[in-house]
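Undergrad: build me a model:
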Amino acid sequence: MNNELREIYKESFVLFEGAVSEITSRLDTMRRYRKANDLRDPVEHYTSRIKSLESIEEKLSRKNLSESAEGFGKIHDIAGVRVVCTYIDDVYAIADMLATQKDIEVIAVKDYIKNPKPNGYRSYHMIVRVSVYTGEKTERIYTEIQIRTIAMDFWASLEHQLKYKHDVKKQDIIISELRRCAEEIASTEMNFQVIRDMINEEKGTENEITAG
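TA: Below is the predicted model:
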């Protein structure tokens, strides 16, 4: 294991923790605001993680990047937050809410909901830079945010488990079936959203998301 990389990771870890905390605190504030005002909470749950040093080394190797400060700085998803929402429009509302925060800078977006991956994977990915105050200075830390629905998360979790099964026969059939399942889940999910909208229209329910 590269000693230089180990030291960089050790020194940066608290900054990644701070970046994750900044994102999750915004989500917590929004959720508390909505609860206090008797509004629906669009977030089912969220999780966060910081990539392990081993995972970073693997990515540097895969991307043909050097195990140095320069290579380390090109990995933008070391800190990560995954937000699981109820409906598809909640995904975009949460993304907009985070993007309008003055000290969150959106660097890149990949919309795998409108443009699913070939295997059927759906999710909304953002790479942002977050301001983290250390007590001496402010650092701008890259963070990945993945926003998806319950159904998308369910499919991705099962696909991830199946992908790591070795020596499975009929791989082509399995891949095709996973893609079919993804399309069926997406169709069902849209139907649920239509049903929800019909119910809300009858009741005159307000669903706008604000940060509070």
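
Undergrad: could you use CA atoms for every contact and neighbour count after this?
TA: Fine.

Undergrad: in the helix or strand harbouring Glu22, what counts as buried?
TA: Using DSSP states H and E, Glu22 sits within helix 3-36. By neighbour count on 16 or more other CA atoms under 10 Å, the buried set for helix 3-36 is 5-6, 9, 13, 15-20, 22-24, 27, 30-31, 33-34.

Undergrad: who's the spatially most central residue of the chain bridged to?
TA: Nearest to the geometric centre of the chain sits Gln146, at 1.1 Å (CA atoms, centre = their mean). Beta-bridge partners of Gln146, counted by DSSP bridges, are Arg82, His125.

Undergrad: low-confidence regions, the chain specifically.
TA: The model of the chain has pLDDT under 70 over residues 1, 164-168, 205-212.

Undergrad: the strands in it, which residues?
TA: Secondary structure of the chain (DSSP state E): strands located at 43-50, 79-85, 104-111, 124-133, 138-149.

Undergrad: the residue nearest to the centre of the chain contacts Tyr124, doesn't it?
TA: Yes. Applying CA atoms under 8 Å as the test, Gln146 and Tyr124 come out as touching, 5.7 Å apart.

Undergrad: out of the strands of the chain, which comes closest to Leu65?
TA: Between Leu65 and these, the shortest separation by CA to CA is 17.4 Å, and it involves strand 138-149.

Undergrad: what's that closest one packed up against?
TA: helix 3-36, strand 79-85, helix 88-99, strand 124-133 (3 or more CA pairs under 8 Å, 6 or more residues apart in numbering; DSSP states H and E).

Undergrad: now render those as TSV, adding distance to Cys181.
TA: TSV is the format used below for the helices and strands packed on strand 138-149 (distance: least, CA to CA, whole Å):
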stretch	distance to Cys181
helix 3-36	31
strand 79-85	19
helix 88-99	17
strand 124-133	19
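
Undergrad: for Ser187, find the nearest of those.
TA: Evaluated over these, closeness to Ser187 peaks at helix 88-99, with 11.5 Å, by CA to CA.

Undergrad: can you give me the buried ones in that closest one?
TA: So helix 88-99, judged by 16+ other CA under 10 Å, has buried residues Ile88, Asp90, Val91, Tyr92, Ile94, Ala95, Met97, Leu98.
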